[in-house]
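Visitor: Predicted structure and sequence below. I'll ask about it afterward.
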Amino acid sequence: MAKRLTRRDFFSKAAKGAAAAGAGIALPYFVPASALGQAGKPPPSEKVIMGGIGVGGMGNGDLGGHQGCGAEIAAVCDVWRDNRENTRQRFGDKCVAYTDYRELLDRKDIDAVDIATPDHWHALISIHACEAGKDIYCQKPMTLTIEEGRAMVNAVRRYGRVFQTGSQQRSEGNFRFACELVRSGRIGKVHTVRTGFGYGPQGGWEPNEDPPDGLDWEMWLGPAPWVPYNRARCLYNFRWFYDYSGGKMTDWGAHHNDIAQWGLGMDDSGPVEIVGQGRFPSDGVFDTAIWFNIECTYANGVKLIIGEGHGARFEGPDGWVHVDRGFLETEPKELMQEQLGPGDVHLYDSPGHYRDFHNCIKTRQRPICDVEIGHRSGTVCHLANIAIRTGRKIVWDPVKEQMTNDPELNRWVSRPMRAPWHL
């Protein structure tokens, strides 16, 4: 039987061929699609083979998006049998199901993975995927802690991987145009940005019980502290526990605070002072904030207020721009019909969040929501949560990624993982 030439083998041979060409052997620089596959369809060397890790609601939807970009879904992994089997069946008999993500990462034929697990798993799986040579689409919020974010950036850069954070609003035209107006000076020098995305639920009580048949509860917890199984902790509700996520602050803050960062041109930085107040559940099993109001100050004096309303609103001396999903409003109103010229700021124009990721797999460019961007926007959310949980002012150095006013606060930048898991 002839050995299958994988995409990875193809590029390896191409690299060796380029070296040979340097020695004086003429080689073609272009291989037409008709020579590799049916004309008009992606040739085998260009088809991205993907696996999904965490394939419940969000992960299942992601895989459909990747498939729509021409990817072949070859494997799925989930600690819940129903999730993995239902999703495996969706993608046909050739799709293989796993309970342990490390078995999926061991497959040499898989080029990229989609990670849509609860947040406390994102960092470890992403880093292990980098080590296994996979490109990564990771759902937001990218991390559980600030330390995890920096470790993920380091891994992506070390292993030369393409990484797309699932903060997909950057791939929507109204958000891009809003940020272009702001960064092109149409409302003057911005002094305030306001973001809002609702508050978290209080929740009720559920009794602890045995895990349901088909759920590997030990693996679901992974690096998080061990607790008995409770149905209120799983599925969508993991968001309301600090052991696994950060409440509305990270769930939706990873969207709208990300747009604030983009509009302010702070993708490689962040605020330098953070203060805030929060209220927390007085009853029930959830423990993330049910109300908050946070003020973040950047080095240039701009204030980011996180609290009331919805979306992101940029305010300057000459007007304001308010953007949300399916919504854009400006003052003056004529700004909405503004035509940006060659001297204005033109931001990354994504063809769609999944499509952008797949284009970058082939070009090896950084996508619109690269790992550093996901880390920096996540850091804003984590700092806000630290401020409301401790009730203390934070003075933050975005270069050293440390609190400089209160050394004890730096322990909040990271957290221990349950053995045997570690960064």
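Guide: Received it, and whenever you're ready, just let me know what you need.
Visitor: My guess is residue 265 contacts residue 182. True?
Guide: No: counting by CB atoms under 8 Å, residue 265 stays clear of residue 182, with 9.1 Å between them. No exception for glycine: its C-beta is placed from N, CA and C like everyone else's.
Visitor: When those two are compared, which one has more neighbours?
Guide: Shown here are residue 265 and residue 182; by other CB atoms under 10 Å, residue 182 has more neighbours (27 against 15).
Visitor: Following the chain onward from the helix or strand hosting the more buried one, which element is next?
Guide: Residue 182 belongs to helix 173-183 when assigned by DSSP states H and E. The first helix or strand that comes after helix 173-183 along the chain, using DSSP H and E, is strand 192-197.
Visitor: Which is the succeeding secondary structure element to that following strand?
Guide: Per DSSP H and E, the first helix or strand lying C-terminal to strand 192-197 is helix 217-221.
Visitor: Any chance you could list what contacts that next one?
Guide: 79, 80, 99, 100, 118, 211, 227, 229, 234, 418 (CB atoms under 8 Å, 6 or more residues apart in numbering).
Visitor: which helices and strands does the next helix or strand along the chain from it pack with?
Guide: Using DSSP H and E, the helix or strand that directly follows helix 217-221 along the chain is helix 248-251. Packing contacts for helix 248-251, counted by 3 or more CB pairs under 8 Å, 6 or more residues apart in numbering; DSSP states H and E, involve helix 371-390.
Visitor: buried set for the helix it packs on?
Guide: Within helix 371-390, the residues that count as buried by 16 or more other CB atoms under 10 Å are 371-389.
Visitor: same thing with stretch 261-279?
Guide: Using 16+ other CB under 10 Å as the test for burial, stretch 261-279 gives 261-264, 266-267, 270-276, 278.
Visitor: Could you work out the most separated pair of those residues?
Guide: Pairwise distances across the buried residues of stretch 261-279 peak at 26.6 Å for 267 and 278 (criterion: CB to CB).
Visitor: before we move on, the earlier item: taking strand 192-197 as reference, get the angle to the helix holding residue 182.
Guide: Put simply, helix 173-183 runs at 160 degrees to strand 192-197, going by axes from the mean of the first three to the mean of the last three CA atoms, to 10 degrees.
Visitor: Just the buried positions in helix 173-183, please.
Guide: Going by 16+ other CB under 10 Å, helix 173-183 has these buried residues: 175, 176, 177, 178, 179, 180, 181, 182, 183.
Visitor: can you list the residues that contact it?
Guide: Helix 173-183 has contacts (CB under 8 Å, 6+ apart) with 169-170, 187, 190, 259, 262-265, 312, 314, 316, 321, 323, 326-328, 330, 335, 338, 340, 344-350.
Visitor: and that helix, C-alpha only, in PDB?
Guide: Extracted in PDB, the C-alpha atoms of helix 173-183 (Å, rounded to 0.1, in the frame of the first residue of the first chain):
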ATOM      1  CA  GLY A 173     -17.600  44.600  10.600                       C
ATOM      2  CA  ASN A 174     -19.500  46.900  12.900                       C
ATOM      3  CA  PHE A 175     -16.900  46.400  15.700                       C
ATOM      4  CA  ARG A 176     -14.000  46.900  13.300                       C
ATOM      5  CA  PHE A 177     -15.600  50.100  11.900                       C
ATOM      6  CA  ALA A 178     -16.300  51.500  15.400                       C
ATOM      7  CA  CYS A 179     -12.700  51.000  16.500                       C
ATOM      8  CA  GLU A 180     -11.400  52.500  13.200                       C
ATOM      9  CA  LEU A 181     -13.600  55.600  13.800                       C
ATOM     10  CA  VAL A 182     -12.200  55.900  17.300                       C
ATOM     11  CA  ARG A 183      -8.600  55.300  16.400                       C
END
